[in-house]
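In: have a look; sequence and predicted model below, questions after that.
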Amino acid sequence: MRQIERGFHAVIFFSRWLIAPFLVGLLCSLVLLIYRFFADFYEIAIALPHLSWHDLVVDVLNLVDVSLTANLVLIVVFSGFENFISKIERDENSGWPEGLTEIDFGALKQKLLGSIAVIAAVDALAWYLDLEKTTDTAKLGWAIAFPLMFVVSLLLLAVADWLARPSNKAE
């Protein structure tokens with residue numbers, strides 16, 4: 001019976017490698033984001049003589065969105081790798097940014113929500129700058145409420161993580 005239990009533990013432990021294809025797929029999605037970034041950049045450069053300042057700012061904000069999304073993908077890939085597959089040895093990779101190699105679940109949740117809030121805020125700003133083209137105030141309300149919802153969620157999550165820390169519990 002003990003051998004069956006050890007075999008079961010080994011299978012469960014090995015199953016962490018099933019995440020690897022997802023991480024590789026996310027890394028491949030970075031190539032798509034790079035393509036999209038430079039395709040959009042090319043379109044902006046071609047249209048530049050005819051773009052108003054507001055249109056240029058909105059288009060550049062869309063490039064910022066693509067860049068923030070790429071950063072978010074990297075955070076998820078590195079965190080998923082370190083938390084599920086294999087510990088990244090900080091000593092062997094001393095030149096790596098700390099934010100890529102030392103992300104626990106609490107920090108990951110905060111970084112993800114923070115990144116999503118920033119992406120939503122950039123979209124809201126782009127929408128606001130395009131306000132002269134549309135006059136739907138209900139959409140403007142939603143465009144502002146959406147990033148605020150993520151900020152409130154982020155704050156609640158940060159407070160919950162802070163309260164859950166062992167150093168904050170009564171002894």
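Out: Perfect, I can see it now.
In: excluding its backbone neighbours, what's nearest the residue nearest the centre of the chain?
Out: Centroid check for the chain by CA atoms, centre = their mean gives Leu72 as the closest residue, at 2.5 Å. In space, not counting the residues next to it along the chain, Leu72 is nearest to Ser115; the distance is 4.4 Å by CB to CB, 6 or more residues apart in numbering. Bear in mind the C-beta positions are built from the backbone N, C-alpha and C, glycine included.
In: ok, Ser67 next?
Out: Phe37 (7.0 Å).
In: show me what the helix or strand hosting that neighbour is packed against.
Out: For Phe37, the element it lies in under DSSP states H and E is helix 20-47. Packing partners of helix 20-47 (3 or more CB pairs under 8 Å, 6 or more residues apart in numbering; DSSP states H and E): helix 53-80.
In: okay, domains of this protein per the record?
Out: 1-89, 104-165 (automatic domain parsing).
In: run the chain-centre distance for the last one.
Out: It refers to domain 104-165. Relative to its chain's centre, domain 104-165 lies at 12 Å (CA atoms, centre = their mean, to the nearest Å).
In: mean confidence for it?
Out: Domain 104-165 carries an average pLDDT of 72.
In: any idea how far Ile116 is from Leu30?
Out: 18 Å (CB to CB, to the nearest Å).
In: between these two, who's got more neighbours?
Out: Ile116 (18 against 14; other CB atoms under 10 Å).
In: run through the residues that contact the more buried one.
Out: By CB atoms under 8 Å, 6 or more residues apart in numbering, the contact set of Ile116 is 72, 150.
In: please identify which helix or strand holds it.
Out: Applying DSSP H and E, one finds Ile116 within helix 105-129.
In: ditto for Lys87
Out: Applying DSSP H and E, one finds Lys87 in no helix or strand.
In: any idea how far it lies from Arg16?
Out: As for Lys87, its distance to Arg16 is 12 Å (criterion: CB to CB).
In: got it, and Ile46?
Out: Ile46 is 47 Å from Arg16, by CB to CB.
In: comparing those two, which residue is more hemmed in?
Out: Neighbours were counted for Ile46 and for Arg16 using other CB under 10 Å; Arg16 has more, 13 against 10.
In: three-state assignment of that one?
Out: Classification of Arg16 using DSSP: H, G, I helix; E, B strand; the rest coil returns helix.
In: got a list of what it touches?
Out: Per CB under 8 Å, 6+ apart, neighbours of Arg16: 84-85.
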